[in-house]
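>>> Any chance you could fold what I've pasted below:
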Amino acid sequence: MPRNTSLCSKKKSAKKAKLQLSSCSTETTTLEDLAASIPPLAGGWSNETTQTDVQIVLCKLNCPVPPSTVAPFISHSIIVNADLTWKVHIQSRLVQKSHTNVLSNIPDFLDCKSMVELFNVVSTSTICPGNPDLHFLELAKSRGGSFMSCSGEVKAIVEGNIPTISPTGFVLSSTIRNVNCSMLICGGKCTYCTAYRSQLRALYSRFMHKSSEIDKRTNDRYLSLSEATNKIKTLRKKCITLDDKVKGLQKKVEKLTDTFTIDVDCSLHTDILSIMNENDRNVKDEFPEGTFRRLFWEQQLKAARCTDARQMRWHPTMIKWCLNLKLLSSSAYNSLRTSGFIKLPSERTLLDYTHFFTSKTGFQTEVETMLIHEAKLSTLTELEKHIVILFDEMKIKEGLVYKQNTENIIGFVELGGINDILSKLEEVNESGSTQHPPIAKHILCIMVRGIFIDLRFPFAHFPTKELTGECLYNIMYEAIERLETIGFKVIALTGDGASPNRKFFKLHSVKSKELTFKYRNPYAKEERYIYFISDVPHLMKTTRNCWSHSFWNGNKRTLWINGKWISWLHIKHLYEQKLQQLVHSNGLYLLKKLSKDHIYLTSFSRMRVDLAVEVLSSSVANMLKFNGDSDTTETERFVRMFDQFFDCLNVRSPNEHVTKRKPYLKPYTSSTDERLCWLKRDFLGYLDEWERSVNSRDDICNADKAKLMLSKETVQGLRITVSSFVELINYFVELPDFKGKYVLSERLSQDPIENYFGQLRSKGRRCQNPSVSDCITSAQSIRVQRSMSMMPVRGNCARKKRLFPDGKENIDDAPLPKRRCARKKQTVK
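A predicted model of the protein is given here:
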């Protein structure tokens with residue numbers, strides 16, 4: 001360590017250094033000139049340059065003052081290389097010039113003047129203390145000494161090997177620094193460590209409030225052995241507690257039953273029966289013939305008159321209603337039946353109606369027979385025989401179930417005879433050994449939908465894992481062949497925009513770039529085409545999703561047409577204006593339906609059709625026009641186009657266009673309908689105009705051009721659907737028995753199959769992820785219920801709140817097929 005000099009010697013040294021600086025040339029500066037220009041060292045600084053070194057090394061040794069037990073350490077160091085470049089290390093850490101402001105004026109190559117300036121800046125600046133709080137260090141210890149982002153990038157580290165000097169002079173044993181810490185500052189704390197401190201607070205708050213219990217929603221495969229063990233112990237304790245509660249409630253119910261119930265003996269039953277007989281006429285006068293309430297009364301009176309339950313013969317409509325209750329909740333049905341309040345069929349009776357044949361995956365002749373009876377095929381006209389095939393996949397629970405009655409294991413992938421053989425051949429070619437079929441993850445459902453009759457019938461189910469377009473091709477044409485053989489006329493196929501469905505449509509094209517929307521029906525007796533339909537509600541969702549990414553939600557797209565942007569920010573501004581109106585307008589405001597769920601989309605809200613349709617509606621377009629902003633003209637036009645498109649393809653009833661005052665919701669009765677011309681000329685012309693406008697730009701590449709439009713899958717689905725629908729209407733109008741009829745375009749959508757999936761998931765009100773066995777069993781029950789089956793409360797489509805879908809209580813007297821019990825043969829002695 002150098003000795004302290006007197007005041008006079010300091011003044012002389014400063015004067016000598018000033019003379020040295022004036023004599024140092026900026027053009028030809030050597031390392032010796034820089035060494036000579038170094039001012040006298042003091043305050044712990046020393047020159048560690050040796051004769052053999054080709055660089056200048058200046059170090060500052062810090063000696064902590066007692067009572068600190070920290071050993072002396074080098075806190076600062078300056079290194080100047082032979083090429084006059086320099087480096088500064090603070091506590092053995094290289095200081096990046098771009099991360100600190102105090103070194104921004106120092107040139108990359110030193111001269112005598114900048115050498116002195118560098119030394120003065122380093123010696124007078126303070127060291128950033130980081131975040132040395134003890135609770136933050138405790139948090140860092142639990143995280144392994146580093147803080148990483150979700151992508152695995154290190155954001156902050158703990159420095160504990162070299163002590164840190166705080167601005168007050170206190171020596172800190174360790175601290176937390178941001179990886180971009182400035183190290184040298186003018187005072188206080190650097191901006192990087194200051195900004196990261198708020199994140200440390202949030203991490204520490206989560207650390208302190210973190211529960212020791214494992215979240216029950218966490219998948220077991222992500223748990224360690226100790227966490228899985230703790231989860232099992234916790235669940236076991238909860239099960240024991242719940243069992244105790246159930247036993248306590250059972251005892252309470254038994255106690256209340258013994259205290260307050262009245263046993264119905266023969267005399268009381270006779271009195272109740274006589275009261276029912278006396279008021280039978282009054283009840284029948286109150287409820288007209290053919291209503292379900294009158295049927296229910298008659299069935300209860302009939303059951304009360306039977307001395308033996310085996311004498312009761314239940315009405316088919318009553319059986320369907322009971323099957324609907326049992327599908328929703330078997331325990332609730334048992335509680336209602338055993339209460340004695342009303343008479344209901346036993347579960348064994350209902351089982352005979354749902355298991356009159358063995359349900360399996362794939363196509364079954366028994367199901368075809370049920371379809372013929374359900375549609376009353378023999379009474380239909382040639383026009384009413386036209387049907388649409390709906391197909392879609394649903395996620396199911398992986399697992400195997402052994403069926404004792406068939407001695408088969410259900411849960412493997414089954415794609416039909418030829419598809420299973422081809423899949424096995426592919427596995428043999430790839431792996432060289434035969435293995436058991438893979439376990440299914442999805443189930444493909446094929447549903448028959450009537451165009452001119454109320455028919456929604458689940459026709460077949462196929463467990464799948466990774467469905468391909470080729471497998472779907474074989475399945476669909478086998479379904480078409482079976483339906484054409486029994487007497488139906490398949491006129492259209494409707495699917496969503498999934499990759500296998502698009503591949504299936506593309507397999508019919510002769511040329512690779514050709515738009516294929518129809519194909520000649522090979523099983524039709526006359527020359528008739530099959531038209532391909534991409535589900536319109538799914539197209540509205542994908543269109544809204546593309547729009548939501550335009551300047552928002554990751555900015556993945558920037559929709560542009562005719563020099564103007566179609567931005568999601570435009571509708572966001574409308575929502576903000578609505579919030580301001582709520583504050584200043586005393587409850588009167590525009591865009592009543594526009595809410596936070598419409599603007600700030602989540603993974604769940606993106607799947608909701610109603611939110612997409614309400615955003616792409618005429619009310620939003622009118623509000624954009626009302627604001628009068630020239631920047632939103634193309635956004636207004638975009639919204640209005642898709643609102644009219646959805647109205648044209650979503651006609652649900654013959655009178656809806658009157659009640660809603662929207663002419664585009666009118667049923668189709670003529671080939672000269674102006675909406676057909678609008679779809680072909682204006683709507684498809686709008687898509688063509690958009691494509692031409694983008695392709696005319698030469699200043700961007702093809703990848704950037706694709707971001708200026710809707711996704712190519714959405715555009716292709718729109719073109720296929722419009723082309724098929726226009727030709728389909730022209731086909732129906734030309735039929736001889738179409739006179740006096742009309743076409744509802746909603747009959748071509750996938751809403752029935754979405755509701756059907758909701759029914760499968762609502763089994764017992766909690767079967768959100770059914771297995772293959774659950775789907776097959778529930779499907780048979782739903783087939784027997786037919787139109788009596790209630791829509792699910794939760795689903796992707798609007799729920800029909802009435803028991804009878806058409807609003808009329810049509811009591812069906814047609815007998816239901818039932819399993820016959822095998823009678824025991826009496827042996828003659």
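>>> Look up the residues forming beta bridges with Val448.
Beta-bridge pairing for Val448 (DSSP bridges): Ile389, Phe457.
>>> How much space separates Leu467 from Ile176?
Using CB to CB, to the nearest Å, Leu467 is found at 51 Å from Ile176. Using the backbone N, CA and C atoms, a C-beta is placed for each residue, glycine as well.
>>> Would you state the helices of the stretch 451-600 of the chain in chain order?
Listed in chain order, the helices of the stretch 451-600 of the chain (DSSP state H, counting those that start in this stretch) span 469-486, 499-506, 536-548, 568-584, 596-599.
>>> State the next helix or strand along the chain beyond the last one.
Scanning the chain past helix 596-599 towards its C-terminal end, the next helix or strand to appear is helix 609-615 (assignment: DSSP states H and E).
>>> Cys193: which of the helices of the stretch 451-600 of the chain is closest?
helix 568-584 (34.7 Å; CB to CB).
>>> among the helices of the stretch 451-600 of the chain, which is the most enclosed?
Sort the helices of the stretch 451-600 of the chain by mean neighbour count, taking mean count of other CB atoms under 10 Å, and helix 536-548 sits at the top with a mean of 23.
>>> Counting by contacts, list what it packs against.
Secondary-structure packing of helix 536-548 (3 or more CB pairs under 8 Å, 6 or more residues apart in numbering; DSSP states H and E): helix 609-615, helix 633-648, helix 712-733.
>>> and of those, who's closest to Lys376?
That would be helix 712-733 among those, by CB to CB, at 20.8 Å.
>>> For the helices of the stretch 451-600 of the chain, could you give me TSV that also reports distance to Cys128 and mean pLDDT?
TSV is the format used below for these (distance: least, CB to CB, whole Å; pLDDT from 0 to 100):
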stretch	distance to Cys128	mean pLDDT
helix 469-486	61	94
helix 499-506	53	93
helix 536-548	42	95
helix 568-584	39	83
helix 596-599	41	91
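>>> could I get those helices as TSV with distance to Phe292?
As requested, the helices of the stretch 451-600 of the chain are exported to TSV (distance: least, CB to CB, whole Å):
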stretch	distance to Phe292
helix 469-486	31
helix 499-506	39
helix 536-548	31
helix 568-584	44
helix 596-599	37
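>>> of all these, which lies closest to Arg206?
Per CB to CB, nearest to Arg206 of the helices of the stretch 451-600 of the chain: helix 596-599, 25.2 Å.
>>> Torsion angles phi and psi at Ile700?
phi -130, psi 160 (degrees, to the nearest 10).
>>> Ignoring the adjacent residues along the chain, who's closest to it?
The spatially closest residue to Ile700, leaving aside those adjacent along the chain, is Leu708, at 8.0 Å (CB to CB, 6 or more residues apart in numbering).
>>> Any stretches of the stretch 151-300 of the chain with poor pLDDT?
Scanning the stretch 151-300 of the chain for pLDDT under 70 picks out the ranges 151, 160-172, 210-217, 222, 261-265.
>>> What segments of it are helices?
Using DSSP H, counting those that start in this stretch, the helices found in the stretch 151-300 of the chain span residues 191-209, 225-260, 266-278, 280-286, 292-305.
>>> With mean neighbour count and distance to Leu728 as extra columns, can I get the ones you listed in CSV?
Output for those, formatted as CSV (neighbours: other CB atoms under 10 Å; distance: least, CB to CB, whole Å):
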stretch, mean neighbour count, distance to Leu728
helix 191-209, 15, 57
helix 225-260, 11, 55
helix 266-278, 11, 55
helix 280-286, 11, 47
helix 292-305, 16, 36
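>>> and of those, who's closest to Asp647?
helix 292-305 (34.4 Å).
>>> The closest one packs against which elements?
Using 3+ CB pairs under 8 Å, 6+ apart, helix 292-305 sits against helix 266-278, helix 280-286, helix 316-328.
>>> who's in contact with it?
Residues from elsewhere that reach helix 292-305 (CB atoms under 8 Å, 6 or more residues apart in numbering): 269, 272-273, 276-277, 280, 283-284, 287-288, 309, 312, 314-315, 317-318, 321, 342-343, 803-804, 809, 811.
>>> now the angle between helix 316-328 and that helix, please.
For helix 292-305 against helix 316-328, the angle by axes from the mean of the first three to the mean of the last three CA atoms, to 10 degrees is 90 degrees.
>>> orientation of helix 292-305 relative to helix 266-278 in degrees?
Put simply, helix 292-305 runs at 140 degrees to helix 266-278, going by the same axes, to 10 degrees.
>>> Just the C-alpha atoms of helix 292-305, please, in PDB.
Extracted in PDB, the C-alpha atoms of helix 292-305 (Å, rounded to 0.1, in the frame of the first residue of the first chain):
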ATOM      1  CA  PHE A 292     -97.500 -35.000 -21.000                       C
ATOM      2  CA  ARG A 293     -99.000 -33.800 -17.700                       C
ATOM      3  CA  ARG A 294    -102.200 -35.800 -18.400                       C
ATOM      4  CA  LEU A 295    -100.200 -38.800 -19.400                       C
ATOM      5  CA  PHE A 296     -98.200 -38.600 -16.200                       C
ATOM      6  CA  TRP A 297    -101.400 -38.500 -14.100                       C
ATOM      7  CA  GLU A 298    -102.900 -41.400 -15.900                       C
ATOM      8  CA  GLN A 299     -99.700 -43.500 -15.500                       C
ATOM      9  CA  GLN A 300     -99.600 -42.700 -11.700                       C
ATOM     10  CA  LEU A 301    -103.200 -43.700 -11.300                       C
ATOM     11  CA  LYS A 302    -102.700 -46.900 -13.300                       C
ATOM     12  CA  ALA A 303     -99.600 -47.800 -11.200                       C
ATOM     13  CA  ALA A 304    -101.600 -47.100  -7.900                       C
ATOM     14  CA  ARG A 305    -104.300 -49.500  -9.000                       C
END
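>>> Measure how far it is from the centre of its chain, please.
Per CA atoms, centre = their mean, to the nearest Å, the displacement of helix 292-305 from the mean C-alpha position of its chain is 47 Å.
>>> Pull up the gap between Asn474 and Ile372, please.
Taking CB to CB, one finds Asn474 at 24 Å from Ile372.
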